[in-house]
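J.: Here is the input, now give the coordinates:
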Amino acid sequence: KVVDQTTIAAPGTLNYTITVTNEGNTDLHGVTVADAKATTLSAETESVSTNGTLNVGEVWTYTATYIVTQAEIDNGTAIENIAMVTTTELPVAKADTVNTTIIANPELSITKIASDTSLVFEGQIVTYTYLVTNIGNVSVKDVSVTDIHSGSNPLSLIQLQSTNGTDNGLDNLVDSLAPNQQAIWTSTYIVTAQDIINSVDIVNTATASGTPISGILINPSAIEIITVGEFLVAVNDTSSNNPVGVPVVINIIANDSLSSGFNPNATQVSVDLNPSLPGIQDTLI
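T.: Next up, the predicted model:
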């Protein structure tokens, strides 16, 4: 008995060829071939004549198939197939075994996308989206995402949003991701004044992890870098000699500059209108 694949790494079909040869000195009758693991088993093809007798020196050929499932790939145990033959003259079965080795290759991928990565400002809410895909050939259980974050504020809880894997919905773990299945998580970060003062990029390193059914998983990581905005350098607006009590309209973007010396754009400006403190105490337009 021979098989067309001695190793396999994904669900599919194994094709077997079974040959029965009469090596004795008398014809054999009542030939019966059994293959308990076969999904299909063909009738015999007789090499000498089609008289139903296995003549001396004659070879009969059979074909069989077996469908390998994802559960068997996950299990990782070699697929053993035994063919047996009996005849009226030889009631004790002759057997032959062939094995197909399963190659387990657990692997996850992760991508991470921030809703904004350039010149973020104080108070801005940045949303991170994490996409994890099972790109290996075995199922992975208890899939989760962690994120090491360099900002001065803590990152919000990383919450599972959706998956086409198996999940009970009770936590932020995916119970199981089969090959080609995905899951999406999100978290948020609020940019602080300290982030702007530090003037250092906010670096996030997200990692996906889980437990493969078989094999060894190397946890993948993805990095996202956010550049922070700059403080405005205010011009001394009192030099305009504006009369007390008279409303004044000041164009902050044109009037003030960033610490780099360049004028800001509208997305880089935030103003705290707090009447209890010195400064702007009227309407920002």
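J.: does N15 really touch I8, like I thought?
T.: No: using CB atoms under 8 Å, N15 makes no contact with I8, being 11.6 Å away. Quick note: C-beta positions are derived from backbone N, CA and C, even for glycine.
J.: quick one: which of those two has more around it?
T.: Neighbours were counted for N15 and for I8 using other CB atoms under 10 Å; I8 has more, 20 against 14.
J.: contacting residues around the more buried one?
T.: Going by CB atoms under 8 Å, 6 or more residues apart in numbering, I8 touches L14, V68, I73, I79, T100, T101, I102, I103.
J.: Not including adjacent chain positions, what is the nearest residue to the fourth one?
T.: Nearest in space to I79, with sequence neighbours left out and distances taken as CB to CB, 6 or more residues apart in numbering, is T100 at 4.5 Å.
J.: quick one: secondary structure of that neighbour?
T.: Classification of T100 by DSSP: H, G, I helix; E, B strand; the rest coil places it in strand.
J.: Find the least confident helix or strand in this structure, judged by mean pLDDT.
T.: strand 232-233 (a mean of 55; mean pLDDT, DSSP states H and E).
J.: before we move on, the earlier item: make CSV out of the contacts of I8 and add distance to S209, neighbour count and pLDDT.
T.: Listed next are the contacts of I8 as CSV, based on distance: CB to CB, whole Å; neighbours: other CB atoms under 10 Å; pLDDT from 0 to 100:
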residue, distance to S209, neighbour count, pLDDT
L14, 33, 21, 97
V68, 28, 19, 96
I73, 21, 26, 96
I79, 30, 19, 96
T100, 30, 19, 97
T101, 27, 13, 97
I102, 23, 22, 96
I103, 22, 14, 95
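J.: export the residues you listed to TSV and tack on distance to A178?
T.: Shown next, in TSV, are the contacts of I8 (distance: CB to CB, whole Å):
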residue	distance to A178
L14	21
V68	15
I73	10
I79	19
T100	21
T101	21
I102	15
I103	17
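J.: so which of those comes closest to T129?
T.: For those, the residue nearest T129 by CB to CB is I73; the value is 30.0 Å.
J.: Is the closest one within a helix or a strand, and which one?
T.: helix 70-75 (DSSP states H and E).
J.: Now that helix - C-alpha only, PDB.
T.: Taking Å, rounded to 0.1, in the frame of the first residue of the first chain, the C-alpha atoms of helix 70-75 are listed here in PDB:
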ATOM      1  CA  GLN A  70      -8.700  20.400  10.300                       C
ATOM      2  CA  ALA A  71      -9.200  18.600  13.600                       C
ATOM      3  CA  GLU A  72      -6.600  16.100  12.500                       C
ATOM      4  CA  ILE A  73      -4.200  18.800  11.400                       C
ATOM      5  CA  ASP A  74      -4.700  20.400  14.800                       C
ATOM      6  CA  ASN A  75      -4.200  17.100  16.600                       C
END
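J.: so how far is it from its chain's centroid?
T.: Its chain's C-alpha centre and that of helix 70-75 lie 18 Å apart, by CA atoms, centre = their mean, to the nearest Å.
J.: Next: stretch 54-63.
T.: 50 Å.
J.: before we move on, what about stretch 11-27?
T.: The answer for stretch 11-27 is 43 Å, by CA atoms, centre = their mean.
J.: Excluding its own residues, what touches that stretch? List them.
T.: Taking CB under 8 Å, 6+ apart as the rule, stretch 11-27 contacts 1-5, 8, 28, 31, 33, 35, 38, 44, 53-70, 72-73, 79, 81, 83, 85, 89, 96, 98, 100.
J.: Show me those residues that map onto helices.
T.: Q70, E72, I73 (DSSP state H).
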